[in-house]
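>>> Starting from these lines, generate the structure:
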Amino acid sequence: MEQHTTLKNHYKFTDEEAQILKELQPRMENLVEKFVDEFYDYIWDFGATAKFLKD
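This is a model prediction of the structure:
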């Protein structure tokens, strides 16, 4: 739990931002497969991606 708090502090993650993410959750649940597919299609266009992701 301490690491979680440290990360939030490091990135200055606010309670307001947490609330925004909570409000987006229902919308994103409907789009998750499309989002993931398009995200990976996008990052595979970077040459260095293959060094970090094998498949």
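>>> CA atoms only: put the lowest-mean-pLDDT helix or strand in the chain into CSV for me.
None of the helices or strands of the chain scores lower by mean pLDDT, DSSP states H and E than helix 49-52, at a mean of 75. Output of helix 49-52 as CSV, limited to C-alpha atoms (Å, rounded to 0.1, in the frame of the first residue of the first chain):
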residue,chain,number,x,y,z
THR,A,49,8.2,-2.0,-29.2
ALA,A,50,9.4,-5.4,-30.2
LYS,A,51,12.3,-5.2,-27.8
PHE,A,52,9.8,-5.1,-24.9
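>>> could you pull out the helices for this structure?
Counting by DSSP state H, one finds helices in the chain at the ranges 2-10, 15-43, 49-52.
>>> Any stretches of the protein with poor pLDDT?
Where the chain drops to pLDDT under 70, the residues are 1, 54-55.
>>> ok, now with 50
By pLDDT under 50, the chain has no low-scoring segment.
>>> and L53, what is it in contact with?
Contacts for L53 (Cβ atoms under 8 Å, 6 or more residues apart in numbering) come out as I43. (Glycine included, C-beta is placed from N, CA and C.)
>>> Tell me how far it lies from F39.
11 Å (Cβ to Cβ, to the nearest Å).
>>> before we move on, back to that, Throw the helices of the chain into TSV and include mean neighbour count, thanks.
Shown next, in TSV, are the helices of the chain (neighbours: other Cβ atoms under 10 Å):
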stretch	mean neighbour count
helix 2-10	9
helix 15-43	10
helix 49-52	10
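>>> ok so, going back, what's in contact with the least confident helix or strand of the chain?
43-44.
>>> and what of stretch 10-30?
Applying Cβ under 8 Å, 6+ apart, the external contacts of stretch 10-30 come out as 7, 35.
>>> Off-centre distance for it?
Computed by Cα atoms, centre = their mean, to the nearest Å, the separation of stretch 10-30 from the middle of its chain amounts to 11 Å.
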